[in-house]
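Chemist: Return a 3D structure for these sequence lines:
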Amino acid sequence: MRIICTLIQLYILVVFARILLEWIRVPGDHPVGRIRSALAVIVDPVLSPLRRIIPPVRLSGAALDLSPLVLLIGLSILQRAIC
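Modeler: Next comes the predicted model:
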């Protein structure tokens, strides 16, 4: 059970890192761009279904994607239930 708790905690950290690195605009061949791409491979399979269910919130020309927040809340609830 301890391994599952640790994996959930690590995945939460990966989601946070993905969110933060999305704000940094760099080319794909830049080291930060490569890290962002690697994190996308890990996080996007879980975020994609959430993005289909939860539309982005429109804020005067910009769109706010709430799916990472929903994922983090879900992971926190799962972690508290299991751990």
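Chemist: alpha carbons only for contacts and neighbour counts from here, please
Modeler: Fine.
Chemist: quick one: the longest helix anywhere in the chain to chain centroid distance?
Modeler: In the chain, assigned by DSSP state H, the helix with the most residues is helix 31-53. Mean C-alpha position of helix 31-53 versus that of the full chain (C-alpha atoms, centre = their mean, to the nearest Å) differs by 7 Å.
Chemist: So what touches that helix?
Modeler: Here helix 31-53 makes contact (C-alpha atoms under 8 Å, 6 or more residues apart in numbering) with 14-15, 17-18, 21-22, 26-28, 65, 67-68, 71.
Chemist: ok, and for it, which residues are buried?
Modeler: 32, 33, 35, 36, 37, 39, 40, 43, 44, 47, 50, 51 (16 or more other C-alpha atoms under 10 Å).
Chemist: Pull the CA coordinates from stretch 8-17 and hand them back as CSV.
Modeler: What follows is stretch 8-17, C-alpha atoms only, in CSV (Å, rounded to 0.1, in the frame of the first residue of the first chain):
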residue,chain,number,x,y,z
ILE,A,8,0.2,8.9,-6.3
GLN,A,9,2.3,11.6,-4.6
LEU,A,10,4.9,11.4,-7.4
TYR,A,11,2.2,11.7,-10.0
ILE,A,12,0.8,14.8,-8.2
LEU,A,13,4.3,16.3,-8.4
VAL,A,14,4.5,15.5,-12.1
VAL,A,15,1.2,17.1,-12.8
PHE,A,16,2.3,20.3,-10.9
ALA,A,17,5.5,20.4,-12.9
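Chemist: I'd like the numbering to begin with 33 instead of 1 from here.
Modeler: Sounds good: first residue 33 from here, last item stretch 40-49.
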